[in-house]
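Novice: please find the sequence and the predicted model below.
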Amino acid sequence: LKQANELLDKAGLDKKDSEGFRLRTDGKGRLRLEVLTVGGAFVPWPKIAEMVGQQWRKIGIQADVVEQERGLASARVQANENQLAVWVNDGTEFLYVNATHAVPVFPGPLQSFMGPAFAVWYASNGAQGIKPEDPQMLKVLELFRSASGQDLDQRIKTAQEIWKILAEEAYSVGTVGLSPAVMGVRLVKNNMGNVPERQYNGQHVRTPCSSHPPTVFFKS
C-alpha cells in the first residue's frame, strides 16, 4: 500500500476529496475508473471486480464496476468504449498461439480488451485503428510481428523479450494463475475406461477436448 500510494502521489494524484478518493489532475473532480465485466460467463466477474475495487479504495482509487451482457460488452470493446475490463487470460501463456490479452494484435469480439484500437491498427498494417504512442508498446508489436519469420531458438528469445516488457509495463494485470475455475476440474471414477492419466489444462487446446471425452466409457 505504501509503495502504491507513493507512486500515485508522484504521478500528481496527491490531492484527495473529503472521502479520501484521489482527484483528477485536470480539476474535474474525482478520478473514477470504469471496469467492464461480463455477467453470467464462466465465473462471477462482477464480484471479482468489486473485490478488487475495495482494495483500490485503500489507495484512493474509485472503481465503477459495470456488469453487461456478453454481446453488449463485446460491442463496446470493438468500439473502443471500455476503460478497463476483466476476463480470463485465454491461453496467453502460449504467446504465439493466443496472445489475445497479453498483446493487442487480434481485433474482434471479446478479443483485445487491452487496446482494441491498437489491435485494429496492428492487424490492418496501420490502415485503420489507432497507432500506440507508447514506445514500449510499439516495440512489443514490432517484436511480435518479427517472430513469425524467425527460427525456433530466436522465436523463444523474442517471446522472452516481449514478456520482459509486458511484466515491466503491466499493460494487463493478472490476479490468479492458471486456475480450474474456467477450464474445470477433472473427476474420474475407477469404473471408467479410456481415461488418460494426465490431461493438459489450457485454453488453446480447449480442455477437455484434448482427452477426447466421447471415447470415454463405463466398464461393465
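Specialist: Alright, I've got the coordinates.
Novice: can you pull the contacts of residue 208?
Specialist: Residue 208 makes contact with 184, 186, 199, according to CB atoms under 8 Å, 6 or more residues apart in numbering. Using the backbone N, CA and C atoms, a C-beta is placed for each residue, glycine as well.
Novice: so what touches the helix or strand bottoming out on mean pLDDT in the chain?
Specialist: Comparing every helix and strand of the chain by mean pLDDT, DSSP states H and E singles out helix 180-183 as the least confident one, with a mean of 72. Defining contact as CB under 8 Å, 6+ apart, one finds that helix 180-183 is touched by 42-43, 88, 201-203, 207.
Novice: cool, stretch 26-33 as well?
Specialist: Taking CB under 8 Å, 6+ apart as the rule, stretch 26-33 contacts 13, 17, 21-24, 56, 61-64, 83-84.
Novice: for the record, mean pLDDT for it?
Specialist: The average pLDDT within stretch 26-33 is 92.
Novice: for it, buried residues please.
Specialist: Using 16 or more other CB atoms under 10 Å as the test for burial, stretch 26-33 gives residue 31.
Novice: just flag the most distant two among the contacts of helix 180-183.
Specialist: Pairwise distances across the contacts of helix 180-183 peak at 16.9 Å for 43 and 202 (criterion: CB to CB).
Novice: of those two, who's got more company?
Specialist: Remark: of residue 43 and residue 202, residue 202 carries more neighbours, 17 against 14, as counted by other CB atoms under 10 Å.
Novice: buried ones in the longest helix along the chain?
Specialist: In the chain, taking DSSP state H as the definition, the longest helix is helix 152-169. Within helix 152-169, the residues that qualify as buried by neighbour count (16+ other CB under 10 Å) are 155, 158-159, 162-163, 166.
Novice: which strands and helices sit next to that helix?
Specialist: Judged by 3 or more CB pairs under 8 Å, 6 or more residues apart in numbering; DSSP states H and E, the packing partners of helix 152-169 are helix 135-147.
Novice: in TSV: the buried residues of helix 152-169, plus distance to residue 127 and pLDDT.
Specialist: Putting the buried residues of helix 152-169 into TSV (distance: CB to CB, whole Å; pLDDT from 0 to 100) gives the following:
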residue	distance to residue 127	pLDDT
155	27	94
158	25	96
159	27	94
162	24	95
163	28	94
166	26	92
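Novice: got these as a markdown table, with distance to residue 36 columns?
Specialist: A markdown table is the format used below for these (distance: CB to CB, whole Å):
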| residue | distance to residue 36 |
| --- | --- |
| 155 | 33 |
| 158 | 31 |
| 159 | 28 |
| 162 | 25 |
| 163 | 25 |
| 166 | 21 |
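Novice: and which of those residues is nearest residue 134?
Specialist: Once CB to CB is applied, the member of the buried residues of helix 152-169 that ends up nearest residue 134 is residue 166, at 12.1 Å.
Novice: the closest one and residue 47: what is the separation?
Specialist: Separation of residue 166 from residue 47 (CB to CB, to the nearest Å): 27 Å.
Novice: over to residue 64?
Specialist: Residue 64 sits 15 Å away from residue 47, going by CB to CB.
Novice: again, but for residue 220
Specialist: 45 Å.
Novice: okay, those two: which has more neighbours?
Specialist: A count of neighbours by other CB under 10 Å puts residue 47 above the other of residue 220 and residue 47, at 11 against 5.
Novice: got the contact list for the most centrally placed residue in the chain?
Specialist: Centroid-nearest residue in the chain, with CA atoms, centre = their mean: residue 101, separated by 4.1 Å. If you count contacts by CB under 8 Å, 6+ apart, residue 101 has them with 87, 89-90, 92, 112-114, 172.
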